[in-house]
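1. Coordinates for the following, if possible.
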Amino acid sequence: MEKATFGAGCFWGVEAAFRKVRGVISTSVGYMGGHFENPSYLDVLSRITGHAEVCQVEYDPSIARYEQLLDTFWHIHDPTSLNRQGADRGEQYRSVIFYHSLEQLEIAQRSKKQLEHSGKYDKPIVTQIQPASPYWLATEEHQQYLEKKRRR
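-> Residues are numbered from 1 along each chain as shown. As a prediction, this is how the structure comes out:
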C-alpha cells in the first residue's frame, strides 16, 4: 500500500471523491503543512496554524496508479483559485499536493505541467507541490462526514 495526500478545499468533499476511486483502500481527513502541533478544527479554521485541510489516501498501486489519483484531484476542484474553493476562503482550503516520495513529486510536477499546457484554464494553476509533513488526524466526526450525513 502507498499513501497520497491532497488539499483541494473542504476535506469532506475531497474525501468523498477519493473514496469512489477503485484501488483506494482507505481515506482519512486531517491537517498538513502547518507549524502548529496537533491542531484542532477550530485552530485550523482560525487561520493561525498554516495547515491545509487534507485527505490522506491509502491505495493499492497495483490497482490505482498515482496518476489516476491526480486526475481525480484536478477534476474535483479549481486549481486556479488561490486559497479558496467555492464559498470556502482561507489558506486552509488551498490547492496542494503533498508528496510522499520523489516518484510522487516527479509525477505531480509532470501532471501539473501537462494541465498548465492543456489550455483548459485561462488563469494560472496555483496548486502547490510540497513534501509531506506531519499529518494530524481530524476528529472522528469529520471522518467520512458526507457519508454519515446521508445515512441520517
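2. Am I right that Val29 sits in a strand?
-> Yes. The assignment for Val29 by DSSP: H, G, I helix; E, B strand; the rest coil puts it in a strand.
3. For burial, what's the neighbour tally of the closest residue to it other than its chain neighbours?
-> Closest residue to Val29 apart from its sequence neighbours, by C-beta to C-beta, 6 or more residues apart in numbering: Phe11 at 4.0 Å. Where C-beta positions appear, they are placed from N, C-alpha and C, glycine not excepted. When neighbours are defined as other C-beta atoms under 10 Å, Phe11 has 28 of them.
4. swap in Ala52?
-> Neighbours of Ala52 (other C-beta under 10 Å): 28.
5. Just list whatever residues bridge to it.
-> With DSSP bridges as the criterion, Ala52 is bridged to Met32.
6. in stretch 34-53, what counts as buried?
-> 34, 39, 41, 43-44, 49, 51-53 (16 or more other C-beta atoms under 10 Å).
7. Which stretches in this structure count as strands?
-> 2-8, 24-32, 52-59, 84-85, 88-89, 95-99, 128-131, 136-137 (DSSP state E).
8. OK, contacts around Val24?
-> Each residue near Val24 by C-beta atoms under 8 Å, 6 or more residues apart in numbering is listed here: 18, 57-59, 64, 69.
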